[in-house]
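Engineer: Here you go, sequence then predicted model.
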Amino acid sequence: MEIPSLKIGDMLVRYPIIQGGMAVSVSTAELATAVADEGGIGVIGATGMNMDNLRSQMREARAATKGLLGLNVMVAAREFKESVLVALKEKVDVVIAGAGFSRDIFTICKEWKTPVITMVASAKVARLSERLGASAVIVEGCDAGGHLGTEEHTTDLLPAICEAVSIPVIAAGGFADGSDIGRMLELGAAGVQMGTRFLLSDECTVHKNFKDLLINAKASDLVRIMSPVGLPANAIRTPLVAKYLAQDSSIKPTSCDACLKKCGKQFCILEALTAARNGDYEHGLFFTGKRFADITSVEPVKKIFVDLLADAQAYLNRTLEKSAPVGS
Ligand SMILES: Cc1cc2nc3c(=O)[nH]c(=O)nc-3n(C[C@H](O)[C@H](O)[C@H](O)COP(=O)(O)O)c2cc1C
């Protein structure tokens, strides 16, 4: 089996790899462009960007690549509709909606003839997405970076969701290398979305301290916390996480600009993620996928693609050899 292209609506993605959108300017134009240039979908994370910033990121990326660009929005964010409209006006190729569910997004994107992909964690929501007009769904399990919609693993969710819908199903969460891609394709996924692997790239513009923290941390440094958004997330145990787990009230926000529709306000998630982005170990909340410890170096996106594709192909070839009749 050759690594297939990925068809989403009328759009053909050369390689079935989506770079996960990452909030608070973790995935910006530079990373999205590099991924799009390699034949995947490069995604700008809208959450935490003001509209001017988002517009200029979209323009910068659109001018720099002929490849495919996506926008990731968190439905839980107050400004999510505005972000979608800004990106559509800047000719984004696809809109990916996570952290909540919105029917409006289908209506808006239909008017602009732009495909929508929804992040799902159950066959029921996958089916609803297809019925409302989604061009694909992303199944994200509990090993992913970012906010989580389930405690189940992607591999456990994938078969039922592939069975439930006839649109492409993309697997996400806890993938570090090309053999993971091969495994997901074999299980019926049409492609994969990877976040942490691309955070640990030269083109990701987060502070070096964020990348160094992930490269040097051990798998046992990972904790599952309940974010103020009301959803669980995987993060590295840092001073802020320790204070939060100890219910230290000194981390409660002193001011709030209501960036979320609902917030528990145990601490300011926007400030904590921004601090992480800026490399502030003391005050940052460092989200990561569970497999971060299997990624041992920060590399250019070009090399990441070469390795992912070679390892995915090798995995698929091995599987083919195993299934060939003896003596053939
Ligand atoms: C720092 C960080 C921020 C993220 N922000 C978002 C986000 O804003 N919206 C979203 O849908 N997913 C977000 N994600 C999830 C990624 O898009 C991707 O689906 C996930 O990281 C896949 O798991 P992996 O990191 O194990 O590859 C984020 C992930 C990370 C690591």
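Structural biologist: Ah, there it is.
Engineer: outside of the longest strand anywhere in the chain, which residues touch it?
Structural biologist: Longest strand of the chain, by residue count under DSSP state E: strand 68-74. Contacts of strand 68-74 with the rest of the structure, by Cβ atoms under 8 Å, 6 or more residues apart in numbering, involve 11, 13, 18, 20-23, 27, 32-33, 36, 40-47, 58, 61-62, 80, 83-84, 87, 92-100, 105, 117, 147. Heads up, the C-betas are built off the backbone N, CA and C, glycines and all.
Engineer: Let me know the next secondary structure element after that strand.
Structural biologist: The helix or strand immediately downstream of strand 68-74 is helix 80-89, counting by DSSP states H and E.
Engineer: any bit of that next one sitting next to the ligand?
Structural biologist: No - judged by Cβ under 6 Å from any ligand atom, helix 80-89 and the ligand are separated, with a smallest distance of 10.5 Å.
Engineer: And that helix, what's buried?
Structural biologist: By neighbour count on 16 or more other Cβ atoms under 10 Å, the buried set for helix 80-89 is Phe80, Ser83, Val84, Val86, Ala87, Leu88.
Engineer: Those residues into TSV, with extra columns for pLDDT?
Structural biologist: Listed next are the buried residues of helix 80-89 as TSV, based on pLDDT from 0 to 100:
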residue	pLDDT
Phe80	87
Ser83	95
Val84	96
Val86	97
Ala87	97
Leu88	97
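Engineer: In these, find the pair that's most separated.
Structural biologist: Greatest spatial distance among the buried residues of helix 80-89 (Cβ to Cβ): Phe80 and Leu88, at 12.7 Å.
Engineer: what does the model give the nearest residue to Ile236 once chain neighbours are set aside for pLDDT?
Structural biologist: Counting by Cβ to Cβ, 6 or more residues apart in numbering, Ile236 lies nearest to Phe286, which is 4.4 Å off, once chain neighbours are set aside. As predicted, Phe286 sits at a pLDDT of 98.
Engineer: And Gly327, by the same measure?
Structural biologist: 59.
Engineer: Over to Asp221?
Structural biologist: 98.
Engineer: tell me the phi and psi of it?
Structural biologist: phi -80, psi 0 (degrees, to the nearest 10).
Engineer: That one is in contact with Ile236, isn't it?
Structural biologist: Yes - under the criterion of Cβ atoms under 8 Å, Asp221 lies in contact with Ile236, with a separation of 5.4 Å.
Engineer: Distance check, whichever residue of the stretch 201-328 of the chain sits closest to the ligand against Asp104.
Structural biologist: Nearest residue of the stretch 201-328 of the chain to the ligand (Cβ to the nearest ligand atom) works out as Gly289 at 2.1 Å. Here Gly289 is placed at a distance of 29 Å from Asp104 (Cβ to Cβ, to the nearest Å).
Engineer: Pull out the buried residues from stretch 221-240.
Structural biologist: In stretch 221-240, counting by 16+ other Cβ under 10 Å, buried: 221-222, 225, 227-229, 231-236, 238, 240.
Engineer: restrict the residues you listed to those near the ligand?
Structural biologist: Okay, of these, nothing touches the ligand (Cβ under 6 Å from any ligand atom).
Engineer: Which of those fall in helices?
Structural biologist: Among the buried residues of stretch 221-240, the members falling in helices (DSSP state H) are Leu240.
Engineer: Any of the contacts of strand 68-74 buried? List them.
Structural biologist: Buried members of the contacts of strand 68-74, scored by 16+ other Cβ under 10 Å, are 13, 18, 20-23, 27, 32-33, 36, 40-47, 58, 61-62, 80, 83-84, 87, 92-100, 105, 117, 147.
Engineer: now for stretch 63-80, what's the gap between its first and last residues?
Structural biologist: 24 Å (Cα to Cα, to the nearest Å).
Engineer: How about it, which residues are buried there?
Structural biologist: Applying 16+ other Cβ under 10 Å to stretch 63-80 flags 64-65, 67-77, 79-80 as buried.
Engineer: Sounds good, over and out.
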